[in-house]
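Q: Next input, structure requested:
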Amino acid sequence: MTRPEAARRAKAAAQFDKFDALLVTKPENVRYLTGFTGSNGVVFLLEDGTATLFTDPRYTVQSKQQTDCKVVIAKGPLTKSILAAFTKSGIRKFGFEQDHLNVAQFDALKKGLTLGLELVPVSGLVERLRMVKDAGEIAAIRASVNANSIALAQALGLFQIGMTEAEFAAEIDYANRKLGAEGLAFDTIVAAGVRAALPHARPGSTPIGPGMLLIDMGVFRDGYASDMTRMVHVGPATDRYREMYAAVLEAQLAAIDAVKPGVRTVAVDKAAREVLQARGLEKAFVHSTGHGLGLEIHEGPRLGRKDKGKLQAGMAITIEPGVYTEGWGGIRIEDTVLVTETGCEILTPTSKELFEL
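A: Purely as a prediction, here's the structure:
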């Protein structure tokens, strides 16, 4: 059976322009093209779609188990073996990922210029392909999202008033690990009371309750990310909280309703902002409406005020409007959403009904 990585390499090679081979150094791009998950790997991709993975002796067994392409185990710096491959190939124009190649690697590769090689800077070639997920990737994201939601339900079952933000975050992380997460997609956000006004608050020693609680959580499962934000109100919710929650939920649903193939990402962001603007809350919405996710927690496309990209079927994105008021708190509601041929599918199963604990 043909591995998906082979088709991905062919698609990447078809994008070559003004160069005849591509040096891939970003770890997520290396994994996407080869399946290799080690911490030290570089891919040498030719225009016919064939590839060589360069790594070190620590990954001799792992690289051969995970990949279906040629593997070179370098005895010293990878760049030395890569230059040897460049020379042997007879190719003279090489693209390199300008956003990811470090200075030491670039300086080493510049030695090839004396051999008549031409280095061509390339930006975003593999990342653009990664924005549209194949069936296997969608299944992995779906599994990651479902497990993440189960973890929240399990952690809420252990919640006690007075538990600190850090303690509750630990319960969430432990539940996710027990459910098979490889690791956190980002540091879990648990922000109680007025600290919910900090969109990326770090959980600390603040005791939880009574009052609002913002929880933003996500993990990697089989390499793919999940991302979800839910609000909990410890004790009876106030009228102001109910009003603000209803506004954010309306904005989130409006943005989701705008998600369709061919729609510009700025239009999705605009749909959320128009709802909040009508309620006088637009200035309290201080970030973009969403982002793509996959092998990284933040990848293309971005759904913000100035983003002009178009949605395509197979993209996995977040929809996460929020409002934040210093001295009061904040509310954010976030789902992971799959763009389909006819619209979209909300992958996150956790209810968005106002929840009092």
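Q: Pull out the buried residues from stretch 134-144.
A: Glu137, Ile138, Ala140, Ile141, Arg142, Ala143, Ser144 (16 or more other Cβ atoms under 10 Å). Where C-beta positions appear, they are placed from N, C-alpha and C, glycine not excepted.
Q: Closest to Gly280 out of those?
A: Set against Gly280, the nearest of the buried residues of stretch 134-144 by Cβ to Cβ is Ile141 (35.8 Å).
Q: Tell me, how many residues neighbour the spatially closest residue to Asp257 that is not a sequence neighbour?
A: Leaving aside its sequence neighbours, Asp257 sits nearest to Ala271 (Cβ to Cβ, 6 or more residues apart in numbering; 7.0 Å). Ala271 has 23 neighbours, counted by other Cβ atoms under 10 Å.
Q: follow-up on the earlier one: export the buried residues of stretch 134-144 to CSV and append columns for pLDDT, distance to Leu354 and secondary structure.
A: Formatted as CSV, those follow (pLDDT from 0 to 100; distance: Cβ to Cβ, whole Å; DSSP: H, G, I helix; E, B strand; the rest coil):
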residue, pLDDT, distance to Leu354, secondary structure
Glu137, 98, 33, helix
Ile138, 98, 30, helix
Ala140, 98, 31, helix
Ile141, 98, 27, helix
Arg142, 98, 26, helix
Ala143, 98, 28, helix
Ser144, 98, 26, helix
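Q: Pull up the gap between Thr164 and Thr67, please.
A: Look at Thr164 and Thr67: by Cβ to Cβ, to the nearest Å, they are 44 Å apart.
Q: which of the two has more neighbours?
A: Neighbour count, other Cβ under 10 Å: between Thr164 and Thr67, Thr67 has more, with 25 against 16.
Q: you'd agree that one is up against Thr37?
A: No - the pair Thr67 / Thr37 is not scored as a contact, 10.0 Å apart, by Cβ atoms under 8 Å.
Q: Give me the common contacts of these two.
A: Here Thr67 and Thr37 have no joint contacts, going by Cβ atoms under 8 Å, 6 or more residues apart in numbering.
Q: Grab the nearest non-local neighbour of Lys260.
A: Of all residues not flanking Lys260 in the chain, Gly343 sits nearest, at 5.2 Å (Cβ to Cβ, 6+ apart).
Q: swap that for Asn146, please
A: Nearest to Asn146 is Pro349, by Cβ to Cβ, 6+ apart, at 6.4 Å.
Q: quick one: what helix or strand has Ser288 in it?
A: In this structure, Ser288 sits in neither a helix nor a strand according to DSSP states H and E.
Q: how near is the residue nearest to it when sequence neighbours are not counted to His298?
A: Excluding its sequence neighbours, the residue lying closest to Ser288 (Cβ to Cβ, 6+ apart) is Gly304, at 3.4 Å. Gly304 sits 12 Å away from His298 when distances are taken as Cβ to Cβ.
Q: Kindly report the same for Ile91.
A: Taking Cβ to Cβ, one finds Ile91 at 34 Å from His298.
Q: Mind checking which of these two has more residues around it?
A: With neighbours defined as other Cβ under 10 Å, Ile91 and His298 compare such that Ile91 has more, 17 against 14.
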